[in-house]
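# my questions concern the predicted model and sequence given below.
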Amino acid sequence: MLQLKFTDPASQKTEMMVIPVCEDTDIVDDPAVTTTVDQVRKLKEFKGAGSDKIVLYSPPQFHTARVLFIGLGEAGKVEPETLRALAGRAVKHGIKSKLTQMTVVVPSSENIHLEPKVILEAMLEGACLANHRFDQYRKEKDSKSLKRIQFCVKPRIGRRFRNLPGRVAATCGGTILARNWVNIPSNDKKPAEFARTIMRLAKKQRLKSKLMGKKELQQNKFGAILAVAAGSQAAPAMLILDHHPQGAKQIVALIGKGVTFDSGGLNLKSSTSLNLMKSDMAGAAAVAATMLTVARQQSNLRVVGFMPLVENMLSATATRPGDIIRSYSGKTVEIGNTDAEGRLILADAISYAVQKYRPQVLIDIATLTGACVMALGEGMAGVFSDDDELAQTIIQSGDKTHERCWRMPLPEDYKKLLKSELADINNMPKSRWGGAITAALFLSEFVSKTRWAHIDIAGPAYRKKGNDYCGPGATGFGVRLLCDFLGRI
Ligand code: BES
Ligand code: ZN
Ligand code: ZN
């Protein structure tokens, strides 16, 4: 739980006081803090550099058993992400020390050239996100999340941003929900089961939900979703969550790829690529968590989330390379490769969203291609859109939340790479190069005239090693970004 404290750090009783220190200037405006920081700076091992960290036990000026000093580097170079990382490191230190609570001193904005709100928000986020651990499959929990994280701020700041801890906890709570779902192994999140888990939470937020099972998908001719699901014992599903406040005129549609396991199908993946394919539903997780957050925060926009959910397996009933299927849109697709399944389920979900809801803006988010990871690495997502304003808004949101997005092109002439001799389109491009682009171009064939952007999160959705405010595994990428985006339109 995140809390603001208006008292000065020295009189605060706490298990651990955290003091951020820059290498060149004082950034906390408090006499007790300045005195101890001066003492600590005399030590050889602590200069306030970005990686510096030192603990003093029971220093006389404070009512606490420990003070943790953490370096922030040069004051002029501090960015929101530096502060998120600092708060995250402090929380991880607290968890390792088996604390239940700690207090973080928030630097003043005079020497750090950031708005007070930006400083506080970044620190709240880093702390909240670092406090999450995924341990539901372990009996022995080697460490526990902190119960309370307090932030010492000046009363003037505290009064102004009274509601900020609650808001940050709500959005970061969304990120954590998404992380948990992605971390759950595929044997415990078959499409129907995953859909029901989301629906239970959606009901509590009074979101309207609609679940289509295999029968309804057949009746409504979702041929592409059914083709991907054909090799699995688990039935596919399409979950729709609708946040519909009174008087809302615009509709924003969010569509998330929900492949609960991607074996590649008959075009079986290699054993190394199979490893992380439980995370192939990270797009759907991001959409579901965003919908729950939007409902909780009572946004006045109408937002509709679409989650096509399938398991891509191989068996005697699986779709074969060379098969031709008819998608929901009526377009036929030659299956050049059963491992290019994400674009198939997204195509059906996109056509359905466009036809039935006529949204003003449509965004899809998906762990779509290995090629996007090749191009941009694991630290950023690719954004594809013909609409400059839409792409820029998404990129701005990503800069704000540090879920970085990089604009990628949609060259018209590359579309010929998706030509099929037998069907309307092939799901496998003729060239192995530019795979993230050809995947996005495939999707563009199903959006008609809708303002549309595609976010490929194959790189940043999952990390083998943790960072300062994320454990190893799922990152929850996209939830904070989409929530911020919805606040901008
Ligand atoms: N789920 C994968 C993409 C992926 C790769 C996600 C790495 C996360 C990490 C997707 O379904 C896939 O297999 N794409 C193929 C497409 C190809 C067959 C045209 C790819 O990227 O190789
Ligand atoms: Zn695949
Ligand atoms: Zn996939």
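Nice, thanks for sending it over. Numbers count the residues shown, from 1 in each chain. Ligands and ions are numbered 1, 2, ... in the order given.

# care to break this protein down by domain?
Domains of the chain are assigned by automatic domain parsing as 2-154, 171-486.

# buried deepest among those, which one?
domain 171-486 (a mean of 21; mean count of other CB atoms under 10 Å). Heads up, the C-betas are built off the backbone N, CA and C, glycines and all.

# any residue of it up close to ligand 2?
Yes - judged by CB under 5 Å from the ion, domain 171-486 and ligand 2 are in contact via 262, 339, 341.

# could the domains of the chain be laid out in JSON lines, adding mean pLDDT and distance to Asn163?
Putting the domains of the chain into JSON lines (pLDDT from 0 to 100; distance: least, CB to CB, whole Å) gives the following:
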{"stretch": "domain 2-154", "mean pLDDT": "96", "distance to Asn163": "10"}
{"stretch": "domain 171-486", "mean pLDDT": "98", "distance to Asn163": "11"}
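
# now do the contacts for the closest residue in space to Asn426 that isn't next to it in sequence.
The shortest distance from Asn426 to any non-neighbouring residue, by CB to CB, 6 or more residues apart in numbering, is to Ser420 (4.0 Å). Going by CB atoms under 8 Å, 6 or more residues apart in numbering, Ser420 touches 333-334, 336, 426.

# please repeat the previous calculation with a cut-off of 10 Å.
Neighbouring residues of Ser420 by CB atoms under 10 Å, 6 or more residues apart in numbering: 324, 332-336, 426-428, 430.

# same thing with Ile255?
283-284, 287, 304-308, 345-346, 349-350, 352-353, 359, 362-366, 443, 452, 454.

# which of those fall within helices?
Counting by DSSP state H, these place 283-284, 287, 345-346, 349-350, 352-353, 443 in helices.

# residues contacting the residue nearest to Pro409 when sequence neighbours are not counted?
Sequence neighbours aside, Ile437 is the residue nearest to Pro409 in space, at 6.5 Å (criterion: CB to CB, 6+ apart). By CB under 10 Å, 6+ apart, the contact set of Ile437 is 369, 371-372, 375, 382, 384, 408-411, 414, 417, 429, 456.

# helix or strand for Met123, which one?
helix 116-130 (DSSP states H and E).

# only C-alpha atoms, please: export that helix in CSV.
This file holds the C-alpha atoms of helix 116-130, laid out as CSV (Å, rounded to 0.1, in the frame of the first residue of the first chain):
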residue,chain,number,x,y,z
PRO,A,116,7.0,17.7,-8.3
LYS,A,117,4.1,15.5,-9.7
VAL,A,118,6.5,13.8,-12.1
ILE,A,119,9.0,13.0,-9.4
LEU,A,120,6.4,11.7,-7.0
GLU,A,121,4.5,9.7,-9.6
ALA,A,122,7.6,8.0,-10.9
MET,A,123,8.7,7.0,-7.4
LEU,A,124,5.3,5.7,-6.5
GLU,A,125,5.3,3.6,-9.7
GLY,A,126,8.7,2.1,-9.3
ALA,A,127,7.9,1.2,-5.7
CYS,A,128,4.5,-0.3,-6.5
LEU,A,129,5.8,-2.4,-9.4
ALA,A,130,8.9,-3.6,-7.6
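
# just the helices in the stretch 301-450 of the chain please.
342-357, 370-376, 388-401, 435-444 (DSSP state H, counting those that start in this stretch).

# nearest to Asp24, out of these?
Distance to Asp24, taken as CB to CB, is lowest for helix 388-401 among the helices of the stretch 301-450 of the chain, at 25.7 Å.

# now the closest residue to ligand 3 within the stretch 151-300 of the chain. Its backbone dihedrals?
At 3.7 Å from ligand 3, Asp262 is the closest residue in the stretch 151-300 of the chain, using CB to the ion. In terms of degrees, to the nearest 10, the main-chain angles of Asp262 are phi -110, psi 100.

# doesn't Arg179 lie inside a helix?
Yes - counting by DSSP: H, G, I helix; E, B strand; the rest coil, Arg179 falls inside a helix.
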